[in-house]
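Visitor: coords please:
(2 chains)
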2 protein chains.
Amino acid sequence: MSSDQRHDERYLARGVSASKAEVHAAIARQDPGLFPGAFCKVVEDALTGQADHCLIIHADGAGTKSSLAYLAWMEGLGDQVWSGIAQDSLAMNLDDCACVGALGPYLVSNTIGRNAKRIPGKVIAGIVDGYQRMCDLLSDHGIDCRMTGGETADVGDLVRTVIVDSTVTTRLRRADVIDAGRMAPGDVIVGFSSTGQASWEDRPNSGIGSNGLTGARHELLGAGYRTRYPESYAPEVDPALVYCGALSLHDPLPGDVVSVGAALLSPTRTYLPLVKRLLAEVPRADLHGLIHCSGGGQSKIVKFGAHGRPHGNRYVKDALFPVPPLFQAIKDASRQEWAGMYGVYNMGHRLEAIVPGDRAQACIAVASACRIEARVVGRVEDRGAPGNEVVVRTAHGEFRYS
Amino acid sequence: MSSDQRHDERYLARGVSASKAEVHAAIARQDPGLFPGAFCKVVEDALTGQADHCLIIHADGAGTKSSLAYLAWMEGLGDQVWSGIAQDSLAMNLDDCACVGALGPYLVSNTIGRNAKRIPGKVIAGIVDGYQRMCDLLSDHGIDCRMTGGETADVGDLVRTVIVDSTVTTRLRRADVIDAGRMAPGDVIVGFSSTGQASWEDRPNSGIGSNGLTGARHELLGAGYRTRYPESYAPEVDPALVYCGALSLHDPLPGDVVSVGAALLSPTRTYLPLVKRLLAEVPRADLHGLIHCSGGGQSKIVKFGAHGRPHGNRYVKDALFPVPPLFQAIKDASRQEWAGMYGVYNMGHRLEAIVPGDRAQACIAVASACRIEARVVGRVEDRGAPGNEVVVRTAHGEFRYS
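Guide: Okay, here's the model as predicted:
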């Protein structure tokens, strides 16, 4: 058994499947939408019936990052963690939509399920406030994002603490859709750093999004949390895999100036203001793909590109950003293989643009104006066989995903 | 302390607030939308910018009915319970939208959170299939309802079993909005039975929706479930309030031919085909209000009507349907006051139309064509003071809600 298999088993043992094969099987019958190669499902605009427009109705959430927020909140890290969870839930969603070229107006509805025995009204108020702050921030950048309502349900018999999901509806011209199916050999891959402090952020970002948090939480944090907060994890999981790390939320993150708690809870960056500028500076026809490296991390792109062509793409990534301290800490704590790390976490950039080589400099210049580091991290080659493949080439070795 | 207060405390002790006061406080700052008196929030059509149209983006779910489905599924009642949960999640949502006069197209996105340790892929497949069946059923009645996608997340650290939420986006002309703020003295209240077998149903409905299920489950079912399925309830709740009834899912429901399990899991009826006919037969100008008696039961209407007028409405309901066996069983098991029962459950009709008296017969005829019993259950009076009030007058006594 390889270490990677071993790691995959640790995931499954915690009830999390990175590949979501079962889920994909369950929805296999569903219509793939108008642009089967696009990053999100794009459907007919049945609301107006206009054939030249389309809709994206997209659901995503903060996942188990809210369990981490609960720990931090109980441990005195303050109410503002809940505002961050709203940002996580919304950014994971909006950044997906942006990858299809949708720039709003975005209409947001949320679904919050809570255990009222653990989560008082002020937490809900903090989450609701976080959504509004995010809308206000985007508005400052000319991006129209509106709360349309939602549902907050007292469902303690279902939810241990609190779950925060968002659904975003947006509409665009079909001609404006960025169809990642068009990513093709000859393109380069520009990565936009997930760390640092973008011009619209008030503190540096650790780089983490809202995926891989179940693993990160349990691998980094120590057993004290297991005893003190049984409401923060599934009791079905082998205790040896629950909070099996050595750190506390208050400990400094190795190699960084922030605490472990602050790094893990660093709210998911939204790249929307950058994408908006990108769409103004680079012709859509040359934006062959925008990929949000969420679940699947640096291998996410393998599901896209070469749509309908006999040969798949090989995405060679051989100039990635240095590994940010938080991901290094997760790697060190979990002792998992690097291949597993790159296949789950973004490891340094959470957005990438796939463009002809002569557009790379424009992408990097846009990022620079946003105070986000960017670089050509790789390129697209002809795989010479059906199906796509990702090759991640780093100082730690070469890893393949297909 | 009144028995009603005692009952309310039983709810709160289970972590469920029927009034949701805390939640309402948390969202108080939010914009009330274009029609503050309407049954659902109605917002500008920011997708097209057309001033004569509006949108409804509505979130709701099956709530803790999925915990009941889990029990039943574990106890061998079969996989089809999951299809019913999809119907619950969707009907609770669509029937709300219909109360504003929106008849589709409805675009549905769902958010399913599961504990993969308890809920295998075939359950997700059953839920997904249930959504599609519901869309197909509605299509047979000329109602366009489409799945646009969704998110299924493995979040065992947050969710004990499975949670199933839906978000529906729909659009209509502003002139077509049914604004329940227009309900006024002189109107009559026509109730549409929640029981029996509508022409589009394949078996009789017990009358239950997807609200009040936490109470119903714990009051009816016996302690054996507490021991066998700790994953089906919040461990924070006083054990004396967990499965404190005397029945099993397989027991016959007193006064009925079906089992307790089948009655409790009876999928939430959708009234959409009836509402569609109603809108064809009764001028919208005369449909002053359509009320979905979900959370709040027969008192739900108190939040609507007399919008902006100095005197509130008094909704007198003195000719309600006989209490269906399931609600009688819940009443008997919980020994709660009737006031609490009428303030939580629909008690016989889950949809009501508020119309001028001379339109009542048309409403009843439409229902009859759908094989749904209907009757004038009450009327609207001038309360003579600010604020609305509901007076429920039954053989069991008179109950007031304000």
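
Visitor: Which strand or helix spans residue A:72?
Guide: Here residue A:72, judged by DSSP states H and E, is contained in helix A:65-74.

Visitor: what's in contact with that helix?
Guide: With contacts defined as C-beta atoms under 8 Å, 6 or more residues apart in numbering or on different chains, helix A:65-74 is touched by A:62, A:79, A:81-82, A:84-85, A:88, A:118-119, A:123, A:160-164, A:210, A:213, A:217, A:221, A:225, A:229, A:231-233, A:249, A:261, A:264-265, B:157-158. C-beta coordinates here come from the backbone N, C-alpha and C atoms, glycine included.

Visitor: Try it again at 6 Å.
Guide: A:81, A:85, A:88, A:161-162, A:164, A:210, A:213, A:217, A:229, A:232, A:249, A:261, A:264-265, B:157-158 (C-beta atoms under 6 Å, 6 or more residues apart in numbering or on different chains).

Visitor: Out of those residues, name the ones that lie in strands.
Guide: Here DSSP state E is the test, and the contacts of helix A:65-74 give A:162, A:164 as lying in strands.

Visitor: Go through the contacts of helix A:65-74 and flag which are in helices.
Guide: Members of the contacts of helix A:65-74 lying in helices (criterion: DSSP state H): A:81, A:85, A:88, A:213, A:217, A:261, A:264-265.

Visitor: what's the farthest-apart pair in those residues?
Guide: Maximum pairwise distance among these (C-beta to C-beta): 14.6 Å, between A:88 and A:261.

Visitor: Looking at these two, which is more packed in?
Guide: Per other C-beta atoms under 10 Å in any protein chain shown, whichever of residue A:88 and residue A:261 has more neighbours is residue A:88, with 30 against 24.

Visitor: quick one: pLDDT of the residue nearest in space to the middle of chain A?
Guide: The structure's chain A has its C-alpha centroid closest to residue A:294; by C-alpha atoms, centre = their mean the separation is 3.1 Å. On the pLDDT scale, residue A:294 is placed at 96.

Visitor: Kindly report the same for the one 4 residues further on.
Guide: At residue A:298, the pLDDT value in this model is 98.

Visitor: and what of residue A:308?
Guide: pLDDT, residue A:308: 84.

Visitor: Residue A:234 should be in a strand, yeah?
Guide: No - using DSSP: H, G, I helix; E, B strand; the rest coil, the assignment for residue A:234 is coil, not a strand.

Visitor: show me the residues around it that make contact.
Guide: Residue A:234 makes contacts with A:15, B:115, B:117, B:156-157, as judged by C-beta under 6 Å, 6+ apart.

Visitor: what do you get for residue A:87?
Guide: By C-beta under 6 Å, 6+ apart, the contact set of residue A:87 is A:130, A:134, A:267.

Visitor: Then residue A:324?
Guide: A:195, A:207, A:348.

Visitor: can you check residue A:180 too?
Guide: Contacts of residue A:180 by C-beta under 6 Å, 6+ apart are A:37-39, A:289, A:304.

Visitor: which one of the contacts of residue A:87 has the most neighbours?
Guide: residue A:267 (27 neighbours).
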